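**Q** pasted the sequence and its predicted model underneath.
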Amino acid sequence: MTLQSTISPVVARPPAALTMAAALNAAIHDSMRDDPTVVLFGEDVGPLGGVFRVTDGLYAEFGETRVSDSPLAESGIVGTAIGMAIYGLRPVVEMQFDAFSYPAFEQIVSHLAKMRNRTRGRISLPIVIRIPYAGDIGGVEHHSDSSEAYWSATPGLTVVSPSNPADAYSMLREAIASDDPVIFMEPKSRYWMKEVLSLPVQTTPMNTAVVLREGTDVTLIAYGPTVKTALATAELATAEGLSIEVIDLRSLSPFDDATVGASLRKTSRAAVVHEAAQFGGYGAEVAARLTERNFFHLAAPILRITGFDIPYPSPKLEEYFLPTPDRILAALGTWEWS
């Protein structure tokens, strides 16, 4: 089932400035309108509309049989979704905050990711697990984790993260239409980013990376919350005579080798930016993968500009923890440019 087939031939909404949260809300709404098997549940997603109001108004429109609050039990949420999917529904569930998803780890890794393989394709699990993730919102412990490396390291899961409202709408529609489980990671700090959109909108397929800014000297690879940071870095770099190409990965697993590899072969230098700790982080896999496939095109080692190897700090310290344009430019300055 493709995204094209899920968008009804309705009259487009007039252009409006939408936040990412509003675009996600519209994507869930339109998916539920077009497909009666789509159901939504999680902690406080019903009458309250979710902690970030992403599900606001859906309970009132679709009722408690399709939008429901769950107990505070993430393992039970995902386990229930698996059973519902086996019996023909398309559950969309919310983990509320990144670190709250860990109690569901066993259900996701041992069952959600393996069911199609275990049954030799007889059972698919069309489930979307929405995970608001990453920091820069002044959140306390357990509210600012970047858990993408866990899910990306799990075969059987598609892991995606939008960085803007248009992609948020289009990618979530595509994720809900997918017959395989999707971990949909929503950067909390970008929920209030606005973009003028006329819905429905369809952007590049969700498993494809996008070159957001052309450049010739460095390929800067980012996703989710760090895409905005990467673009700001590229703008600053022009004053120093440095041309940075910015890539928004969008899909963490599967990885778009073609788009990223082509950029790296053009610039011969690359750096990866993410908020998660560096050791064992997602950037390590990106660097290793690109090096293996493009070694003879590299003029320098691939860099990682990341959070530090510590638990996410208190709100007063997160500005020092998160990658910034200055930190990125300083890292790029450690290369020998000859």
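**A** Looks like it came in fine. Residues are numbered from 1 along each chain as shown.
**Q** from D69, how far off is I221?
**A** Going from I221 to D69 by Cβ to Cβ, to the nearest Å gives 38 Å. Heads up, the C-betas are built off the backbone N, CA and C, glycines and all.
**Q** those two: who's more crowded?
**A** Taking other Cβ atoms under 10 Å, I221 and D69 do not tie; I221 has more neighbours (28 against 15).
**Q** can you give me phi and psi for the more buried one?
**A** Main-chain dihedrals, I221, degrees, to the nearest 10: phi -100, psi 130.
**Q** partner residues bridging it?
**A** I247, V272 (DSSP bridges).
**Q** right, and it touches A271 too?
**A** Yes. When contacts are counted by Cβ atoms under 8 Å, I221 is listed as touching A271 (6.9 Å).
**Q** any common contacting residues for those two?
**A** Common neighbours of I221 and A271, using Cβ atoms under 8 Å, 6 or more residues apart in numbering, do not exist here.
**Q** and R213, how many neighbours?
**A** 15.
**Q** is L212 in a helix, a strand, or coil?
**A** For L212, the assignment made with DSSP: H, G, I helix; E, B strand; the rest coil gives strand.
**Q** might you report the residue contacts of it?
**A** 227, 231, 246-248.
**Q** what sits against the most centrally placed residue in the chain?
**A** Centroid check for the chain by Cα atoms, centre = their mean gives S161 as the closest residue, at 1.3 Å. The contact partners of S161, by Cβ under 8 Å, 6+ apart, come to 133, 148, 184-187, 223-224, 249-250, 252.
**Q** now do the contacts for R66.
**A** 32, 38-40.
**Q** can you give me the helices in the stretch 51-200 of the chain?
**A** 58-62, 74-86, 105-107, 115-118, 148-152, 165-177 (DSSP state H, counting those that start in this stretch).
**Q** are there helices or strands packed against the longest helix seen in the chain, and which ones?
**A** Ranked by residue count under DSSP state H, the longest helix found in the chain is helix 20-34. Contacts defined by 3 or more Cβ pairs under 8 Å, 6 or more residues apart in numbering; DSSP states H and E place helix 20-34 against strand 38-42, helix 58-62, helix 165-177, strand 182-187.
**Q** show me where the protein has its strands.
**A** Under the criterion DSSP state E, the chain contains strands at 16-19, 38-42, 67-69, 90-94, 128-133, 158-160, 182-187, 194-197, 210-213, 218-222, 244-248, 251-253, 270-277, 303-307.
**Q** tell me the mean pLDDT over the fifth one?
**A** Mean pLDDT, taken over the full extent of strand 128-133, equals 98.
**Q** show me what contacts E336?
**A** Per Cβ under 8 Å, 6+ apart, neighbours of E336: A300.
**Q** kindly report the same for P14.
**A** S198.
**Q** so it versus S198, what's the distance?
**A** Distance, P14 to S198, by Cβ to Cβ: 7 Å.
**Q** likewise for V128?
**A** 24 Å.
**Q** kindly report the same for I221.
**A** 30 Å.
**Q** kindly report the same for A153.
**A** On the measure of Cβ to Cβ, A153 and S198 end up 38 Å apart.
**Q** again, but for V182
**A** Separation of V182 from S198 (Cβ to Cβ): 25 Å.
**Q** who has more neighbours out of the two?
**A** More neighbours surround V182 than the other of V182 and S198, with 25 against 11 (other Cβ under 10 Å).
**Q** right, and the more buried one touches V128 too?
**A** Yes. Between V182 and V128 there is a contact under Cβ under 8 Å: 5.0 Å.
**Q** now do the shared contacts for those two.
**A** Shared contacts of V182 and V128, counting by Cβ under 8 Å, 6+ apart, come down to A175.
**Q** quick one: which of the contacts of R66 is nearest to Y59?
**A** L40 (8.6 Å; Cβ to Cβ).
**Q** am I right that the closest one is in contact with H29?
**A** No. Checked against Cβ under 8 Å, the pair L40 and H29 is beyond contact range at 9.7 Å.
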